[in-house]
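Asker: coords please:
(2 chains)
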2 protein chains.
Amino acid sequence: MSQHIGNVSINSDALWNDIMTTAQFGGTPKGGIKRLTLTPEDAQVRAWFKTTCEALGATVTADSMGIQFARIPGTDPSLKPILIGSHLDTQPTGGKFDGIVGVLGGVAILRALHETGHKTRHPIEIVNWTNEEGSRFAPAMLCSGVFAGLFTENYANTRLDRDGTSFADALKSIDAAGEEPCGQHPVAAYFELHIEQGPILEAEEKTIGIVTGVQGMRWYELTVTGQDSHAGTTPMSMRADALQAAARLIASVQDIARAHGPDAVGTVGLVECKPNSRNVVPGEIFFTADFRDPEDETVRRMEDAFRQDIVALSEEYKVDIAFEQVWDSPSVKFAPPLIEAVETAARDLSLPARKIVSGAGHDAAYLARIAPTTMIFVPCAGGLSHNEAESATRSDVADGATVLLRAVLATDQKLS
Amino acid sequence: MSQHIGNVSINSDALWNDIMTTAQFGGTPKGGIKRLTLTPEDAQVRAWFKTTCEALGATVTADSMGIQFARIPGTDPSLKPILIGSHLDTQPTGGKFDGIVGVLGGVAILRALHETGHKTRHPIEIVNWTNEEGSRFAPAMLCSGVFAGLFTENYANTRLDRDGTSFADALKSIDAAGEEPCGQHPVAAYFELHIEQGPILEAEEKTIGIVTGVQGMRWYELTVTGQDSHAGTTPMSMRADALQAAARLIASVQDIARAHGPDAVGTVGLVECKPNSRNVVPGEIFFTADFRDPEDETVRRMEDAFRQDIVALSEEYKVDIAFEQVWDSPSVKFAPPLIEAVETAARDLSLPARKIVSGAGHDAAYLARIAPTTMIFVPCAGGLSHNEAESATRSDVADGATVLLRAVLATDQKLS
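Answerer: Have a look, this model is predicted:
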């Protein structure tokens, strides 16, 4: 395979420079980025993306959802484009790498092709997906969802931010939409480079995560209703303490995940206590639960175990427990030929690598529904992400982009 | 004893009428009262108290903390006054009975003495303690605390409400202070009638709670610090989940209280989770704990058990747990002669009664430090208090006031 690649290689200094340059659009004093989708800061980075890609010989367009495509033609006009991308929007206190390395890694490939004059068979397109984070407009991955046919444009356009601004109005406000209707774009294959957002690669000293899919996940909301009463005057035997029942259920989420290991995870991330006063026995607790595993069957079995605990605790604690599944995202399996291309590239480069299942959702999870797709992970310090202290090394990012380049070029050769 | 009382009896209709009349000062649409201390609504009820007591032959004064005293003279000028009282301020969503029945029960006694011409040996004073609730100015029982020498006037005057108004300025704003310096008032004995604020009397169908003291209580604040991380990408084995450790500790508060029964109680009433996002493993949990028992030694043993669990869980969950005792209120034992007077009165009236320890703090807990003191409880529906739905029956309130009257008159005879 390396013969085909010839002298095409990633300019790691230019890639790192792009990361640091774009980090100034919405840059925070603590070294992070606040660049919510479709804000003036997002407009700045979009303009930079367009100018930079055009300087590298690409034609940059946008579709009706503001998704940007920077395209260079291939040698075979009958072939669909290979897409490479991620997102340039961030969390409110986001870091410099989440999403960004996927887009700028794509820009680095454009640069490599441009500088060497290497021609691919397929057109290559670098994509910036609008509103991946979902911080401004829920849900996350909104526009890759429209692109892949999961959501309608109307659904996306009518999402509101906390100030009541619609997605459609936000799109107009920075003039981000293009002519092409979203969802009619041909795709031969899709690659996404991303930081792991978890601690595994760093802990195992691996540079490359060969991502085989996205784990299945289900989200739940629970409301435990007891009776609030005076903490000093209500005997233990006469209480219906919603928090005590909730504490046992919170513990059971962890116990269930551990019992379904090694890959299963279970999390309670949000808890609200009412009336939340130190001398009142809590009458109502709202909390969320999240179960994930690469196998959907394991997620289902965890839910069953949780339901059993809920029934038992409701009786034991004389409380009512309302339980609702609010999200069910089945697991995604990435395309074996693309996974193999990534694995081969890492091996040829002698980079320490391991197969890994993505714990988080990504635009790639939706793209996998309509085209052969895979992802490449690189380590991030301490597994920290969605945080201004998010950090990845210059060397790991460059290695990730090099693996991306090789996997794309190999796929360009093999895919028809 | 009944001989001494002659034809003195409580006018239950007038007492109920007083409760319903004063309930309109700060009355809420749901039938509760919002009458925070030293607000215009509090000024209204204070003016009503003064006018009403003066019409019953009393002289009404206030001290420097705005504590009101409605006094009728006794036959022996050498004797200190017997005080009867409670408070007229309420919680933000308070009910019609908490505090109020203690003051208006006193007014009913003034009325009984006034209408029959019965003379006591001791002066009788009905007292309205300022800022018992602590809802506007923390801590609770602020002015009975100054009265009993626990707090200085300067400490009280410099307490601030949420808007930054000082207690001293609030006192001036409704012109509530009088000439007498707080804390120099003579007291022969103190009686306080109150709703139970708990479910025991109602559950056991008792009309009268013969209160033998106030249980000891200790308050704690805990901060569990782990590491927040992504709920999807952090394996269970690599987490430092602050909420999971906290859930075990919350459960242990209940387990410890149950193990130290039958009177011990343990409560976690307040929980705050950070960052409180459904797909983030919580990095920090703040929560409170509250242990109470009539015996201080039991409270101490519960704290010891809790400290052991904290150490064990901190190690098991790889989290840091900061633990602080923020309040230690030793148990209070009321005066046996006064307890006996209440017990005798209930028996003479054939009212179902039981001895009970107050689970909540009251002005009486501070008064007990400087004079013979006791309390009388009457049932409240469902044990509900600090709630707009707080409810007590006309009959129970009248029975409580009658026991109060008899206990006061018996004490007036016996006490020198």
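
Asker: mind giving me the domain split of chain A?
Answerer: A:2-214+A:331-414, A:216-329 (automatic domain parsing).

Asker: quick check: residues of the stretch 301-416 of chain A near chain B?
Answerer: Counting by C-beta under 8 Å from any C-beta of the partner chain, the stretch 301-416 of chain A comes close to chain B at A:358, A:359, A:360, A:361, A:383, A:384, A:385, A:386. C-beta here means a position set from N, CA and C on the backbone, and glycine is covered the same way.

Asker: which one (most neighbours) among those?
Answerer: Within these, most neighbours by other C-beta atoms under 10 Å in any protein chain shown means residue A:358, with 27 neighbours.

Asker: ok, that residue - contacts?
Answerer: A:211, A:213, A:214, A:215, A:364, A:365, A:375, A:377, B:232, B:233 (C-beta atoms under 8 Å, 6 or more residues apart in numbering or on different chains).

Asker: then residue A:320?
Answerer: For residue A:320, the contact set (C-beta under 8 Å, 6+ apart) comprises A:224, A:225, A:226, A:314.

Asker: would TSV of the residues you listed with secondary structure and neighbour count be doable?
Answerer: Output for the contacts of residue A:320, formatted as TSV (DSSP: H, G, I helix; E, B strand; the rest coil; neighbours: other C-beta atoms under 10 Å in any protein chain shown):
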residue	secondary structure	neighbour count
A:224	strand	29
A:225	strand	18
A:226	coil	23
A:314	helix	18
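
Asker: out of those, which is nearest to residue B:117?
Answerer: Proximity of those to residue B:117 (C-beta to C-beta) peaks at residue A:226, which lies at 52.7 Å.

Asker: next, the closest one: phi, psi?
Answerer: phi -120, psi -130 (degrees, to the nearest 10).

Asker: now swap in residue A:182 and tell me
Answerer: Residue torsions, per degrees, to the nearest 10, at residue A:182 are phi -70, psi 140.

Asker: number of nearby residues for it?
Answerer: By other C-beta under 10 Å, neighbour count at residue A:182 equals 24.

Asker: do the same with residue A:354
Answerer: Residue A:354 has 15 neighbours, counted by other C-beta under 10 Å.

Asker: likewise residue A:139?
Answerer: For residue A:139, the neighbour count with other C-beta under 10 Å is 15.

Asker: where does the closest residue to it other than its chain neighbours sit, in terms of helix or strand?
Answerer: Among residues not flanking residue A:139 along the chain, residue A:145 sits closest, at 7.5 Å (C-beta to C-beta, 6 or more residues apart in numbering or on different chains). In this assignment (DSSP states H and E), residue A:145 forms part of helix A:142-147.

Asker: residue B:113 versus the most centrally placed residue in chain A, what's the distance?
Answerer: The C-alpha lying nearest the average C-alpha coordinate of chain A belongs to residue A:362 (C-alpha atoms, centre = their mean; 3.1 Å). Counting by C-beta to C-beta, to the nearest Å, the gap between residue A:362 and residue B:113 amounts to 81 Å.

Asker: thinking again about what came up before, can you list the contacts of residue A:320 in CSV and add pLDDT and distance to residue A:292?
Answerer: CSV is the format used below for the contacts of residue A:320 (pLDDT from 0 to 100; distance: C-beta to C-beta, whole Å):
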residue, pLDDT, distance to residue A:292
A:224, 98, 23
A:225, 98, 28
A:226, 96, 29
A:314, 96, 25
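
Asker: separation between the most far-flung residue of chain A relative to its centre and residue B:188?
Answerer: Here the centre of chain A is the reference, and by C-alpha atoms, centre = their mean the most remote residue is residue A:233, at 49.5 Å. The spacing between residue A:233 and residue B:188, counted by C-beta to C-beta, is 29 Å.

Asker: show me where the stretch 151-300 of chain A has its helices.
Answerer: Counting by DSSP state H, counting those that start in this stretch, the segments of the stretch 151-300 of chain A that form helices are A:153-157, A:167-173, A:200-203, A:242-259, A:296-316.

Asker: which of those helices is buried the deepest?
Answerer: Highest mean neighbour count among these (mean count of other C-beta atoms under 10 Å in any protein chain shown): helix A:242-259, with a mean of 24.

Asker: show me what that helix is packed up against.
Answerer: strand A:216-225, strand A:265-267, strand A:271-274, strand A:284-293, helix A:296-316, helix B:242-259 (3 or more C-beta pairs under 8 Å, 6 or more residues apart in numbering or on different chains; DSSP states H and E).

Asker: what angle separates that helix from helix A:296-316?
Answerer: Between helix A:242-259 and helix A:296-316, the angle comes out at 150 degrees (axes from the mean of the first three to the mean of the last three C-alpha atoms, to 10 degrees).

Asker: report the angle between helix A:242-259 and strand B:284-293.
Answerer: Using the same axes, to 10 degrees: helix A:242-259 against strand B:284-293 is 130 degrees.

Asker: residue numbers of the stretch 101-250 of chain A in contact with chain B?
Answerer: Of all the residues in the stretch 101-250 of chain A, those lying near chain B are A:196-200, A:203, A:215, A:217, A:219, A:229-236, A:238, A:241, A:243-244, A:247-248, A:250, going by C-beta under 8 Å from any C-beta.

Asker: let's see that with 6 Å instead.
Answerer: A:197-199, A:229-234, A:236, A:238, A:243-244, A:247, A:250 (C-beta under 6 Å from any C-beta of the partner chain).

Asker: ok, so of those residues, who is nearest residue B:95?
Answerer: For these, the nearest to residue B:95 is residue A:230 (12.2 Å; C-beta to C-beta).

Asker: just give me the neighbour total for that closest one.
Answerer: Residue A:230 has 23 nearby residues by other C-beta under 10 Å.

Asker: for it, which non-adjacent residue is spatially closest?
Answerer: Spatial nearest neighbour of residue A:230, excluding adjacent residues (C-beta to C-beta, 6+ apart): residue B:197 at 5.1 Å.

Asker: next one: residue A:212
Answerer: Spatially, and ignoring its direct neighbours in sequence, residue A:212 is nearest to residue A:355 (5.3 Å; C-beta to C-beta, 6+ apart).

Asker: sec struct for that neighbour, please.
Answerer: Secondary structure state of residue A:355, per DSSP: H, G, I helix; E, B strand; the rest coil, is strand.

Asker: would you agree it is in contact with residue A:213?
Answerer: No: the criterion here is C-beta atoms under 6 Å, and residue A:355 misses it with residue A:213 at 9.7 Å.

Asker: if you count surrounding residues, which of these two has more?
Answerer: residue A:213 (22 against 13).

Asker: do you know how far that one is from chain B?
Answerer: 13 Å (C-beta to the nearest C-beta, to the nearest Å).

Asker: the closest residue to that residue other than its chain neighbours and chain B, how far apart?
Answerer: With sequence-adjacent residues excluded and distances taken as C-beta to C-beta, 6+ apart, residue A:213 is closest to residue A:333, at 4.5 Å. Relative to chain B, residue A:333 is positioned 17 Å away (C-beta to the nearest C-beta).
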